[in-house]
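Student: 3D model of this:
(2 chains)
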Number of protein chains: 2
Amino acid sequence: MAEDPNRPVIVLVRPQLGENIGKAARAMLNFSLTELRLVAPRDGWPNPAAGPAASGADEVLAGAKVFDTTAEAVADCQHVYATTVRKRGVTRPVIGPDDAGRLVVTQPGRHAVLFGPERSGLETEDVALARAILTIPINPEFGSLNLAQAVVLVAYEWSRMARELGAASTATLAQPTAEEALPPAPQAELDALIAHFEALLAPRGYFLPETRAEATRRTLRGILTKPGWNHLEVRTLRGVLSALERPPRGEE
Amino acid sequence: MAEDPNRPVIVLVRPQLGENIGKAARAMLNFSLTELRLVAPRDGWPNPAAGPAASGADEVLAGAKVFDTTAEAVADCQHVYATTVRKRGVTRPVIGPDDAGRLVVTQPGRHAVLFGPERSGLETEDVALARAILTIPINPEFGSLNLAQAVVLVAYEWSRMARELGAASTATLAQPTAEEALPPAPQAELDALIAHFEALLAPRGYFLPETRAEATRRTLRGILTKPGWNHLEVRTLRGVLSALERPPRGEE
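Tutor: Sure, this is the predicted structure:
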């Protein structure tokens, strides 16, 4: 799986807190990303604070590789994206997480996404390694994404694009299971439901005055047609109407 | 801004840790969402742990409203989405964060997204209030999104869709007719309709045996929630039920 060229490598450049490395690993594995690289983690590696924060994403931490420099960390990658909110005096195309996800899925070669240290972000020399700048478009008056949230958004968009664009590697991702979508009931069943309503309502004067009867029937039909109820739902409603035909208890 | 109908309301149902409420607020404001509602927060409200975790998103916390029940929290909302990873014995369409973002941007009315408690997620009765289940498609072998990450993904997708569709929906798209444009009735009106049905059905033994009563109520709620009837349609159905309360002519 680590060699799958269509999954991006996540590169944390000079991360400060082990806890945040763990959270990033957890964010990755939620979307089936497993390849983590660390550039000069401040507190060394392994870091005892990472494991608990990973909430079970231990395989990601166990497989993490450590490098001295960003250049070494991405040496085998054809595509490098630098995640940053600020312009860095480096002229590069600026793309969003959706664009990045699409590129990873569609462009052959290895892709790496760089994330900078928690406080300061990527340095100009890190950004200079990238072919594109990945910017998450956030509220300009409140830019405060933390590291794990930035990772989760990038991982999510990769996963979404992999599903949408039909990459074979998505076979393991859960699809939102469309509820066993029963089709709407046949018209005859719907008509019988409407007739049942009308049979109960007519003797109670619901369609009076006579001059309004046709419009009232049309309105009722419209309301009952709108849902597209399936066979089971129509049957349940027939049961509701049958119950309403019975007198309430104590009045029998 | 709080009245802008195209921004979703974020509803945290029985959140446990104040820290997570703060992180959710921070996640929201990164994507310009500001309306936060809390249902029965475990440790009360305000919670001193929330502010530091919000990293400056104080306006979101300051504006948070607290409710005793989920139903009260969404009473003024026409569209309710329940974020959950598991099936809950409630038949609803299952959508992703991208679908939800698209719906919020394009459908008139107020939209609320429910998030459950950190450990246990939403209860069946919370999900029953929703028109759709919002599921973030994650790695089936490692489903471990935390609350703030789920919020950030939903907020991000709203923001992305607002950018992609916002201009089009206000400028380019044909305006629907007044009738078509009526949004679904607020949750409180739908609840009143369901209560009216139940009040008529209970004395007729519809919810017996008692052991099945809860499931039967859920089924009925599901059927009546499906259509997304608007205010006028709900009012008409209330009239239908009132007519059914009257004895048929000749039996008076």
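Student: CA atoms for contacts and neighbours, from now on please.
Tutor: Will do.
Student: And the helices in the stretch 101-250 of chain A, which stretches?
Tutor: Counting by DSSP state H, counting those that start in this stretch, one finds helices in the stretch 101-250 of chain A at the ranges A:124-127, A:147-164, A:187-201, A:210-225, A:231-245.
Student: need the residues of the stretch 1-150 of chain A near chain B, please.
Tutor: Those residues of the stretch 1-150 of chain A that sit near chain B, judged by CA under 8 Å from any CA of the partner chain, are A:26-27, A:29-32, A:55, A:57, A:138-139, A:142-145, A:149.
Student: Of these, which belong to strands?
Tutor: Judged by DSSP state E, strands contain none of these.
Student: Mind giving me the PyMOL command for buried ones among those residues?
Tutor: In PyMOL, this line selects whichever of those come out buried by 16 or more other CA atoms under 10 Å in any protein chain shown:
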select buried, chain A and resi 26+27+29+30+31+32+55+57+138+142+143+144+145+149
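Student: Which residue, other than its chain neighbours, is closest to the one residue in chain A that gets nearest to chain B?
Tutor: Proximity of chain A to chain B (CA to the nearest CA) peaks at residue A:227, 4.1 Å away. Spatial nearest neighbour of residue A:227, excluding adjacent residues (CA to CA, 6 or more residues apart in numbering or on different chains): residue B:227 at 4.1 Å.
Student: check contacts around that neighbour.
Tutor: Shown in contact with residue B:227 (CA atoms under 8 Å, 6 or more residues apart in numbering or on different chains): A:226, A:227, A:228.
Student: shaky segments in the stretch 101-250 of chain A?
Tutor: A:166-181, A:250 (pLDDT under 70).
Student: Which secondary structure state is assigned to the nearest residue to residue A:105 once chain neighbours are set aside?
Tutor: For residue A:105, ignoring the flanking residues on the chain, the nearest one in space by CA to CA, 6+ apart is residue A:6 at 5.4 Å. Look at residue A:6: counting by DSSP: H, G, I helix; E, B strand; the rest coil, its state is coil.
Student: what's the pLDDT at residue A:6?
Tutor: The per-residue pLDDT reported for residue A:6 equals 83.
Student: ditto for residue A:94
Tutor: pLDDT, residue A:94: 88.
Student: Now do the phi/psi pair for the residue of chain A closest to chain B.
Tutor: Backbone torsions of residue A:227, given as degrees, to the nearest 10, read phi -70, psi -30.
Student: circling back to that earlier point, highest mean neighbour count out of the helices of the stretch 101-250 of chain A?
Tutor: helix A:147-164 (a mean of 23; mean count of other CA atoms under 10 Å in any protein chain shown).
Student: Phi and psi next, for residue A:61.
Tutor: Torsion angles, degrees, to the nearest 10, at residue A:61: phi -70, psi -40.
Student: Please give me every residue in contact with the residue nearest to residue A:105.
Tutor: Residue A:6 touches A:104, A:105, A:106, A:108, A:109, A:110, A:111, A:169, counting by CA under 8 Å, 6+ apart.
Student: List only buried entries from those residues.
Tutor: A:104, A:105, A:109, A:110, A:111, A:169.
Student: residue contacts, the residue positioned nearest the centre of chain A?
Tutor: Nearest residue to the geometric centre of chain A (CA atoms, centre = their mean): residue A:156, 5.7 Å. Going by CA under 8 Å, 6+ apart, residue A:156 touches A:31, B:153.
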